[in-house]
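Novice: need a 3D model of the following:
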Amino acid sequence: MNIKEFLNTQVLDVIKALGYEVKDALVSRSNRPELSDYQSNVAMPLAKVAHKSPREIAAHIAAELEKKDFISKVSVDGPGFINFRLSPSLWDKAFMDIFVQGDEFGSSDIGKGEKINVEFLSANPTGPLHVGHSRGAIFGDAVARLLSKVGYDVTKEYYVNDFGKQVDVLAESVYWRYEELFGHHVGEKIPEGRYPGDYVIPVAQSIKDLDGDKWLNRTDWLEYFKTKSIEQMLKLIQADAAKLGIQFDVFTSEKALVEAGAVDKTVQQMQDMNLLYRGVLPKPKGEETEDWAPVEQTLFRAKDFGDDGDRVILRSDGTKTYFTSDIAYHVDKFNRGFHQMIDIFGADHGGYVKRLKAAIKALTNAQASLDIALCQVVSLQKDGKPFRMSKRAGNFVLVDDILDEIDADAFRLFMLTKSADSQMSFDLAKTKEQSKDNPVFYIQYALARTYSVLNTYEKMFGTLPAQKDLNVNYAESSEAEHVLIQKMLDLSHVIEVAAQNKAPHLLAGYLYEIAGVFHSLWTQGAKSGHRFVDVEDIVQTNKNLTLILALQQVLKNGLNTLGINPKTKMERVEETD
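Specialist: From the prediction side, this is the model:
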């Protein structure tokens, strides 16, 4: 049971019975837990419609709600806030849903099966993944998982930028290494402008193994080397992504779109819709403009659709811009049935947001929505010093370098502890700290402690109790246990909010909070001599075990939703008795 959703429905029914009409009951968790469990300020907007004071409206609603058996107390506070204290029986019923739903607890159907495309990572296929890619990759995957959890039909997509100068440079770099394998370029450094990383050598070696010296002293090698290089790089990128727990449903090739005529077709569509014109962009403001000259180009009327200015589609010589291909790619998504699209971009692509949204709005007649989330860069340190760049990559810290230091789950969870649009810096050494300041340890340690309790119970009693014998009995629980129970039942709401706002850090923060509540309860028990498992008090022990099993399910479901493998054991976990 989603208590917030349940209360929202109940309050709306009361409002309707009183002869009023409102879309949302505005129910939320109380910010004053000493006064109430939930509250609603629905009387404020209703008062304007009913031409009565908010307190008068709130009193009428409260009087009706007081008759409900799921409410133990209702009161009106301040200008018209309605406060609810829920009955223990409702808490018990909602709590048992954790066991009834099991791995599905926290799921919902607010997405109603609607198709949604989440495109992320999309690194140029010119090398392995580096730390600059990792935050957006992990964030995008977590957003996709959240949306799936709340009922959307999600497709995770990777756009392969395999058309353009960067692919030529990759092929040239591989060919230089290919020649080197045959004794050429002895004592030479790879030419400036080509990719210097050692990761291109295995690609060159694979071509040598397949074709021998076939391509030496020939001029027709470029297309072949481009194809083979892209194939190898994509395999490398997919392997690196898999190490971070990321798999894609679809790979779309820019080259394939160009060769299929999709880009030309999109330009023609824009012309037919009168979205293009020949014109001259204004002189840039605040920049050095000595070399600027008025040049007539084909422009998209982007300003008419919410952009800050019009944008170049065809340069003066008739060649297409990168923006043109990007428009065609998103039109292709729309034609594949995706009316909701989410793109995850690096913060350095912020200038693309308005223009791309304007293009999709124009070309789909506002039938498609495009949401673009920007990820800030992340800087890594080790023992307080910048983490060294990889020799194999040439310029970057590779994902492999990071995973040599910490496990993928720890890295992934750290990346999700802050909002993607905030700056992030963390020390790899700190991910190994066993303290409250390390969210990875703190959350996983709470989960591991639950397994420790279960192990102790099984040693004493042989088997765990059946689900029918589990009972938390909210009315007889302590205040500390009330807090934990209420927190656990917030999971569905937290996941919905995190999904709707593309904010996986909200779920990560929730898991940290609930771990803290449990650790405090554990500490209180240790100080008071209270034991989770007491062979002399099986009734209390089973009640404790009910809490432990529920918490274990909640932590597992939350971690799984973020794509993190729950740990069942950690070195510091002590078994309780």
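
Novice: what are the boundaries of the strands in the stretch 201-350 of the chain?
Specialist: Counting by DSSP state E, counting those that start in this stretch, the stretch 201-350 of the chain has strands at residues 250-253, 276-280, 296-300, 311-314, 340-346.

Novice: would you mind giving the ones you listed as TSV with distance to residue 460 and mean pLDDT added?
Specialist: Glycine gets a C-beta too; all of them are placed from N, C-alpha and C. Formatted as TSV, these follow (distance: least, C-beta to C-beta, whole Å; pLDDT from 0 to 100):
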stretch	distance to residue 460	mean pLDDT
strand 250-253	52	97
strand 276-280	77	96
strand 296-300	72	97
strand 311-314	70	96
strand 340-346	49	96
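
Novice: can I get those in JSON lines with distance to residue 129 and mean neighbour count?
Specialist: Formatted as JSON lines, the strands of the stretch 201-350 of the chain follow (distance: least, C-beta to C-beta, whole Å; neighbours: other C-beta atoms under 10 Å):
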{"stretch": "strand 250-253", "distance to residue 129": "15", "mean neighbour count": "16"}
{"stretch": "strand 276-280", "distance to residue 129": "37", "mean neighbour count": "14"}
{"stretch": "strand 296-300", "distance to residue 129": "33", "mean neighbour count": "19"}
{"stretch": "strand 311-314", "distance to residue 129": "30", "mean neighbour count": "20"}
{"stretch": "strand 340-346", "distance to residue 129": "13", "mean neighbour count": "21"}
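
Novice: closest to residue 40 out of the ones you listed?
Specialist: Residue 40 lies closest to strand 340-346 among the strands of the stretch 201-350 of the chain, at 30.1 Å (C-beta to C-beta).

Novice: follow the chain on from the closest one and name the next helix or strand.
Specialist: Later in the chain than strand 340-346, the nearest helix or strand by DSSP states H and E is helix 352-363.

Novice: so that following helix versus strand 296-300, what angle?
Specialist: Comparing the axes of helix 352-363 and strand 296-300 via axes from the mean of the first three to the mean of the last three C-alpha atoms, to 10 degrees yields an angle of 70 degrees.

Novice: one step back: in TSV, list the strands of the stretch 201-350 of the chain along with distance to residue 373.
Specialist: Formatted as TSV, the strands of the stretch 201-350 of the chain follow (distance: least, C-beta to C-beta, whole Å):
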stretch	distance to residue 373
strand 250-253	19
strand 276-280	29
strand 296-300	23
strand 311-314	21
strand 340-346	5
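
Novice: and those: which comes nearest residue 80?
Specialist: Of those, nearest to residue 80 by C-beta to C-beta is strand 340-346, at 36.8 Å.

Novice: can you give me how far the closest one is from the chain middle?
Specialist: Put simply, strand 340-346 sits 11 Å off its chain's centre (C-alpha atoms, centre = their mean, to the nearest Å).

Novice: hmm, who's touching that strand?
Specialist: With contacts defined as C-beta atoms under 8 Å, 6 or more residues apart in numbering, strand 340-346 is touched by 114-121, 132, 136, 139-140, 143, 152, 330, 333-334, 352-353, 356, 360, 368-375, 377, 420, 502.

Novice: got it, and stretch 212-223?
Specialist: Counting by C-beta under 8 Å, 6+ apart, 168, 171-172, 175, 178-179, 182, 207, 224-225 sit against stretch 212-223.

Novice: rerun that using 6 Å as the cut-off
Specialist: residue 171 (C-beta atoms under 6 Å, 6 or more residues apart in numbering).

Novice: what do you get for stretch 151-171?
Specialist: Residues outside stretch 151-171 that contact it (C-beta under 6 Å, 6+ apart): 109-119, 121-122, 124-126, 144, 147-148, 194, 222, 225-226, 229-230, 248-255, 258.

Novice: which stretches in the stretch 51-200 of the chain count as strands?
Specialist: 71-77, 81-86, 115-119, 153-160.

Novice: now those in JSON lines, with mean pLDDT and distance to residue 281?
Specialist: Formatted as JSON lines, the strands of the stretch 51-200 of the chain follow (pLDDT from 0 to 100; distance: least, C-beta to C-beta, whole Å):
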{"stretch": "strand 71-77", "mean pLDDT": "94", "distance to residue 281": "58"}
{"stretch": "strand 81-86", "mean pLDDT": "94", "distance to residue 281": "54"}
{"stretch": "strand 115-119", "mean pLDDT": "98", "distance to residue 281": "28"}
{"stretch": "strand 153-160", "mean pLDDT": "98", "distance to residue 281": "27"}
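
Novice: may I see the buried residues of stretch 462-481?
Specialist: Buried residues in stretch 462-481, counted by 16 or more other C-beta atoms under 10 Å: 465, 470, 472, 474, 477, 481.

Novice: between the residues you listed, which is closest to residue 80?
Specialist: Nearest to residue 80 among the buried residues of stretch 462-481 is residue 474, at 28.9 Å by C-beta to C-beta.

Novice: for that closest one, what are its contacts?
Specialist: By C-beta under 6 Å, 6+ apart, the residues touching residue 474 are 88, 91-92.

Novice: mind running it again at 10 Å?
Specialist: Contact analysis of residue 474 by C-beta atoms under 10 Å, 6 or more residues apart in numbering lists 86-95, 481-482, 485-486.

Novice: please, a PyMOL command that selects the buried ones among those?
Specialist: Per 16+ other C-beta under 10 Å, the buried members of the contacts of residue 474 correspond to this PyMOL selection:
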select buried, resi 86+87+90+91+92+94+95+481+485+486
